[in-house]
Structures are given as C-alpha cells and as structure tokens.
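*Asks:* next input, structure requested:
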Amino acid sequence: MTVCFSSLMLFAANGTIVVMSPCHEQHSPVGPPRLLKKSAQAARSPLRRSSAASLTRGLAVAAGLSLAYMAFEAQWVQCRELDLPVPGLPQPWSGLTVLHLSDVHPDSFPSNLWVLAQVVRWARQRTLDLVLLTGDVLGHSRRSKTCLALLEKLQPRLGTFAVTGNHEYGLTKGLLAQARPAKAAYAGTSITLLDDSCVELPARNGFRLVLCGADYLSGGFGLLELAKELGLAPGPPITRTGTRPFPILLSHEPPPPHSPLTAFFPLVFAGHTHGGQLRLPSRLGLKPPHMPRDGYLAGIYHWGNG
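*Replies:* So this is what the prediction gives:
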C-alpha cells in the first residue's frame, strides 16, 4: 500500500496562499504615529487568526482525506492472476495453480475478515492446486476460528499449507499483543502447518515436488539440515526422473539474497512487507526504516537462477 503525501502538501500550500493573501490596513487621518501603529496591529490580529484557522482547517481536511484513503485502500481487494515461468520446474508440474495469501491480520480491523470472505468467494470460482499461507493469519481465538473456517472452504486439490509470522508469536507493536499458538490453532483443521518442516507432494510421472516452511523465530535455518536429508543441494534443480525433488519455500519474511536458504530454494513465497505500507514516492525507493533493506516490498523478484 503506497500512500502519497502530496495531497497533504497540496492542502498545506493552499492554506499558505490564504495566509499570505494581502490584507488592507486602514489609517486614521489624525492622531500620533503611536496610535496609528497600534491600530495597524489591532487590524492585523483578526486576519492572523483567520489565516491560522484557514490553515488549520486545510490541514485537518488533508489529514481526514488521507486517513479515509488509507482505510479504503487497505480494504480494497485486488486479485491478480499471473503466469509465472519457474526455471527448473519439472514439466509434469507445469500449470500448477497456487493461491498465495498472507498477512490477513484478523485482529487489526473488523472488516479484514469480510475482505477475506471476498477473496475466498473469488478463489472458489477457480480450480486450485495449492493454497499457501505465509504468516500473520491468526488473531484471538474467536477470530482465528472464523478466519480458518473461511480458509477451509477453499479445498485445493493438493492441500493448504501455512507458516508462522511475527503476529503468531505476539511480536508486534501492540501493547496488548499476545502469542497465538499456531500448532493448537491449526490442529483439527485441513491446513498443514510447516514449522521448519517439509512435505512431499504426490509425484507426477516420477517427478517430485516438496514444500518447506520456515518457522518465523528460527528464520528457517532449521531447514538447512533437513534440505540436505531430502537430497536438496545448492544450485539449479535437476529435473530428471529419480533425482532430487523440486523445492518450494514458504517464509513469512522474504529471505535476503545472500541467505543460505536461497541457495536451496529456487522458488519462495513470502509476505510481511504489506507492499511497503506507508511509503513515500521516490525513485530511491524510500520506505519505513523497519522494512527490509533488500528492496523486497511487493511483486515478483528474481535472483541468481531462481
């Protein structure tokens, strides 16, 4: 979500024009200069108050419009369908249909669950192979149940898989933030939680595909040994029958290009950045200081052979 503050600056400029509009002083034809000076000051005082009030009103209107746009844009559902060429993906897996969802945040706004319901209705009109949830999906118990019940309506052919995010561990700026035990929440649902673990999907014509999920606290480094045990190795995947499977990584936070994980996983699904949240428009890519410095904000990124 990119919020441009140019509208606020525009309103401030309009207010400045009002402030700097010329005012006319009235001088008495008689009386000492000191009296004339006091009269001029008295005449200017109401204009100053009027100008300050105009500026205040302009700033208030600008702030209100900015907040209104932020609320509207945050709840605006934009579903995109992309054909993504993936180097090294075995041909029998070509055409795999994946729905990627992240950062539902059911506790942030009451309307977030309503937005999720819209997404679910849209997705159920399509044939899905996989649903991938990359963290910050859980809220307090009641909203978590509602959220998971909506997600279970998707019923993709190969399953729904999830990883934890910072909100599942209560690592937020909220004063009342609490951890949301992910294992307990997902238990009894049709959703598989991958916490530094992997699952191999049924092979297609002898070609295997494995999904691995990074636990948020470990950063996925618990997957490194497991990846070796599964026969994964750094570098481009080999796609011949009987060789190591094609690996896909789910991670809440995008791993940096120099992370050891990126050497093992040629395809990564991640969330967390919210598209940059409040981001100033600039060719330099200005963004909040707490966001990753690797340039990952939204969209598709390529590195190396991945």
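*Asks:* how about Leu223, phi and psi?
*Replies:* Dihedral angles phi and psi of Leu223 (degrees, to the nearest 10) take the values phi -80, psi -20.
*Asks:* also the one 5 residues further on?
*Replies:* Here is the backbone geometry of Lys228 (degrees, to the nearest 10): phi -70, psi -40.
*Asks:* try Leu250
*Replies:* Main-chain torsions, Leu250, degrees, to the nearest 10: phi -110, psi 130.
*Asks:* for the protein, what spans make up the helices?
*Replies:* Along the chain, the segments classed as helices by DSSP state H run 6-19, 33-74, 112-123, 141-152, 182-186, 223-229, 260-264.
*Asks:* average pLDDT across the second one?
*Replies:* This predicted structure assigns helix 33-74 an average pLDDT of 61.
*Asks:* then the third one?
*Replies:* In this model, helix 112-123 carries a mean pLDDT of 90.
*Asks:* alpha carbons of that helix, as CSV, please.
*Replies:* Below are the C-alpha coordinates for helix 112-123, written out as CSV (Å, rounded to 0.1, in the frame of the first residue of the first chain):
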residue,chain,number,x,y,z
ASN,A,112,-10.5,-7.8,7.4
LEU,A,113,-12.5,-11.0,7.8
TRP,A,114,-15.1,-9.5,5.4
VAL,A,115,-12.3,-8.8,2.9
LEU,A,116,-11.0,-12.4,3.3
ALA,A,117,-14.5,-13.7,2.7
GLN,A,118,-14.5,-11.8,-0.6
VAL,A,119,-11.2,-13.4,-1.6
VAL,A,120,-12.5,-16.8,-0.7
ARG,A,121,-15.6,-16.3,-2.9
TRP,A,122,-13.4,-15.2,-5.8
ALA,A,123,-11.0,-18.1,-5.3
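*Asks:* low-confidence regions, the stretch 201-306 of the chain specifically.
*Replies:* Within the stretch 201-306 of the chain, the segments meeting pLDDT under 70 span 233-243, 272, 274-299, 301-306.
*Asks:* what do you get if the cut-off is 50, keeping everything else the same?
*Replies:* For the stretch 201-306 of the chain, the stretches flagged by pLDDT under 50 are 240, 276-280, 283-286.
*Asks:* okay, the closest residue to Ile248 other than its chain neighbours and Leu96: tell me how far apart.
*Replies:* Leaving aside its sequence neighbours, Ile248 sits nearest to Leu267 (CB to CB, 6 or more residues apart in numbering; 4.8 Å). All C-beta spots, glycine's among them, are computed from the backbone N, C-alpha and C. Noted for Leu267: a distance of 10 Å to Leu96, by CB to CB, to the nearest Å.
*Asks:* count the neighbours of the closest residue in space to Val119 that isn't next to it in sequence for me.
*Replies:* In this structure, Val119 finds its nearest non-sequential neighbour in Val77, 6.1 Å apart by CB to CB, 6+ apart. Val77 has 11 neighbouring residues, counting by other CB atoms under 10 Å.
*Asks:* contacting residues for Val77?
*Replies:* Residues counted as contacts of Val77 (CB atoms under 8 Å, 6 or more residues apart in numbering) are Val115, Gln118, Val119, Trp122.
*Asks:* tell me which of those is nearest to Lys153?
*Replies:* Nearest to Lys153 among the contacts of Val77 is Val119, at 10.7 Å by CB to CB.
*Asks:* and the closest one, what does it touch?
*Replies:* Val119 sits next to Val77, Cys79, Leu101 when contact means CB under 8 Å, 6+ apart.
*Asks:* okay, it and Val137: tell me how far apart.
*Replies:* Distance, Val119 to Val137, using CB to CB: 12 Å.
*Asks:* then Leu148?
*Replies:* In terms of CB to CB, Leu148 sits 8 Å off from Val137.
*Asks:* neighbour count for these two, which is higher?
*Replies:* More crowded of Leu148 and Val137, by other CB under 10 Å: Val137, with 30 against 21.
*Asks:* which residue, other than its chain neighbours, is closest to that one?
*Replies:* Leaving aside its chain neighbours, Val137 sits nearest to Val104 (4.9 Å; criterion: CB to CB, 6+ apart).
*Asks:* no more questions from me, cheers.
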